[in-house]
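**Student:** My questions are about this predicted structure, shown below with the sequence.
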Amino acid sequence: MRRLWLIFAQAVTICLAILFVVTTLRPDWLRLAGPYRPAPAQADREPPPPAPGPGSPALRREPPPARRGGLVSYADAAARAMPWVLNVYTTKHVDVPLVPLPDDPTLQRLLDQVPGMSRRRSAASLGSGVIMRKDGYVLTNYHVVEAADAIEVVLSDGRRTAASVVGSDPDTDLAVLKLEGRLSRLPVAALAPDNSLRVGDVVLAIGDPFGVGLTTTQGIVSALGRNGLGTNTFENFIQTDAAINPGNSGGALIDTRGQLVGINTAIYSDTGGSMGIGFAIPVAAARQVMGKIIQAARKK
């Protein structure tokens with residue numbers, strides 16, 4: 001009898017040991033409470049959307065920001081804005097002196113009038129612009145199209161057309177162009193609400209730096225209402241550390257929703273390239289100046 005009790009005790013001990021091992025390592029083998037489903041993490045749980053009422057359309061939820069490796073992507077914002085940012089190519093004729101001229105401005109003017117002292121040649125420059133209206137009005141910087149003899153623009157989809165200057169405002173460094181070709185389905189900038197920016201907000205700068213093609217850079221709003229720089233008569237700039245280089249002038253500064261918040265216009269640099277200090281004209285001021293330029297042109 002004692003031997004049978006020992007065998008029973010050993011069997012129970014072995015069974016309990018096996019049960020402990022299975023419970024610890026492979027609990028799905030037990031299937032005591034149905035299939036095993038790991039609970040979602042707390043951060044991933046979302047409350048279910050309310051059921052639509054009778055006759056109401058199905059509710060649409062905005063897609064969450066794209067994530068790559070846990071980091072937020074601004075690809076959607078860039079994709080919304082890039083179609084209405086275009087490249088601006090200008091050509092103008094300049095007189096190039098054949099010999100070095102003295103530093104005296106009076107002597108320079110006199111020598112410029114002497115036949116054979118200079119040679120006339122074409123000079124090309126580049127910049128960017130923003131399509132503001134479906135009827136072909138484009139906003140850019142005045143210094144991009146200043147004294148231009150010919151202007152050509154290239155849209156993000158590759159379409160090309162000539163453009164003419166409707167008017168300009170050197171005091172704010174803004175100019176309005178009108179596309180001359182008949183272009184259908186023109187994309188138009190989505191404007192951000194006035195005073196929606198705050199210092200620290202993420203922004204994207206879109207333009208054509210150095211003529212390499214449409215480019216997007218990312219930064220934050222470093223300051224608002226920046227003035228006293230001596231670049232324009234009227235200054236009320238958005239300062240950003242998003243990379244702005246030659247060729248970005250006249251391009252778009254957008255928020256993370258793909259809405260236009262400013263027109264890139266200037267940089268602070270000792271080298272000619274980006275040093276993390278760029279400036280943009282707020283869209284509210286740019287829109288107001290554009291309206292006045294178009295109105296004045298229609299009265300002529």
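**Tutor:** All right, it came through fine.
**Student:** What number of residues are in the vicinity of the spatially closest residue to F279 that is not a sequence neighbour?
**Tutor:** Leaving aside its chain neighbours, F279 sits nearest to F237 (3.9 Å; criterion: CB to CB, 6 or more residues apart in numbering). For every residue, glycine as well, the C-beta is placed using N, CA and C. When neighbours are counted by other CB atoms under 10 Å, F237 registers 23.
**Student:** I'd guessed F237 sits against L229; true?
**Tutor:** Yes. Assessed by CB atoms under 8 Å, F237 is found in contact with L229 at 7.2 Å.
**Student:** so what sits against both of these two?
**Tutor:** Common contact partners of F237 and L229 (CB atoms under 8 Å, 6 or more residues apart in numbering): 266, 279.
**Student:** Could you list the low-pLDDT ranges of the protein?
**Tutor:** 1-2, 20, 22, 24-70, 93-105, 107-123, 231, 233, 269-274 (pLDDT under 70).
**Student:** Identify the residue nearest the geometric centre of it.
**Tutor:** Of all residues in the chain, the one closest to the mean position by CA atoms, centre = their mean is L204, 3.4 Å from it.
**Student:** and it, that one's in a strand?
**Tutor:** Yes. Counting by DSSP: H, G, I helix; E, B strand; the rest coil, L204 is located in a strand.
**Student:** What segments of this protein are strands?
**Tutor:** 67-68, 71-72, 85-97, 118-131, 137-140, 150-154, 160-169, 174-179, 202-207, 215-226, 237-240, 252-254, 260-267, 278-282 (DSSP state E).
**Student:** possible to save those as TSV with distance to C15?
**Tutor:** What follows is these, written out as TSV (distance: least, CB to CB, whole Å):
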stretch	distance to C15
strand 67-68	48
strand 71-72	51
strand 85-97	73
strand 118-131	77
strand 137-140	81
strand 150-154	79
strand 160-169	82
strand 174-179	84
strand 202-207	61
strand 215-226	62
strand 237-240	70
strand 252-254	68
strand 260-267	70
strand 278-282	74
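**Student:** Can you tell me which of those strands is most buried?
**Tutor:** Across the strands of the chain, the average number of neighbours (mean count of other CB atoms under 10 Å) peaks for strand 252-254, which reaches a mean of 31.
**Student:** any idea how far it is from the chain center?
**Tutor:** 4 Å (CA atoms, centre = their mean, to the nearest Å).
**Student:** Who are the packing partners of that strand?
**Tutor:** helix 75-81, strand 202-207, strand 260-267 (3 or more CB pairs under 8 Å, 6 or more residues apart in numbering; DSSP states H and E).
**Student:** Which one of the strands of the chain lies nearest to I7?
**Tutor:** Among the strands of the chain, the nearest to I7 by CB to CB is strand 67-68 (59.9 Å).
**Student:** Report the contact partners of the residue lying closest to A296 once chain neighbours are set aside.
**Tutor:** Distance criterion CB to CB, 6+ apart; nearest residue to A296, sequence neighbours excluded, is G167 at 6.0 Å. Contacts here follow CB under 8 Å, 6+ apart; on that basis G167 touches 175-176, 293-294, 296-297.
**Student:** For those residues, work out which two are farthest apart.
**Tutor:** Largest pairwise distance in these, by CB to CB, is 12.7 Å, between A175 and A296.
**Student:** Would you mind listing the residues in contact with the residue nearest to F279?
**Tutor:** 225-227, 229, 265-266, 279-282.
**Student:** before we move on, what about V203?
**Tutor:** 197, 218-221, 238, 240, 242, 253-256, 261-262.
**Student:** ok, 7 Å please
**Tutor:** 219-221, 240, 242, 253-255, 261 (CB atoms under 7 Å, 6 or more residues apart in numbering).
**Student:** List the beta-bridge partners for it.
**Tutor:** G219 (DSSP bridges).
**Student:** ok, now how distant is it from N232?
**Tutor:** 20 Å (CB to CB, to the nearest Å).
**Student:** Nearest to D135, out of the helices and strands packed on strand 252-254?
**Tutor:** strand 260-267 (17.6 Å).
**Student:** centre of the chain versus the closest one, how much separation?
**Tutor:** Put simply, strand 260-267 sits 10 Å off its chain's centre (CA atoms, centre = their mean).
**Student:** Give me the helices and strands touching that strand, please.
**Tutor:** strand 202-207, strand 252-254, strand 278-282, helix 283-299 (3 or more CB pairs under 7 Å, 6 or more residues apart in numbering; DSSP states H and E).
**Student:** Rebuild these as a markdown table, extending it with distance to T13.
**Tutor:** Shown next, in a markdown table, are the helices and strands packed on strand 260-267 (distance: least, CB to CB, whole Å):
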| stretch | distance to T13 |
| --- | --- |
| strand 202-207 | 63 |
| strand 252-254 | 71 |
| strand 278-282 | 76 |
| helix 283-299 | 78 |
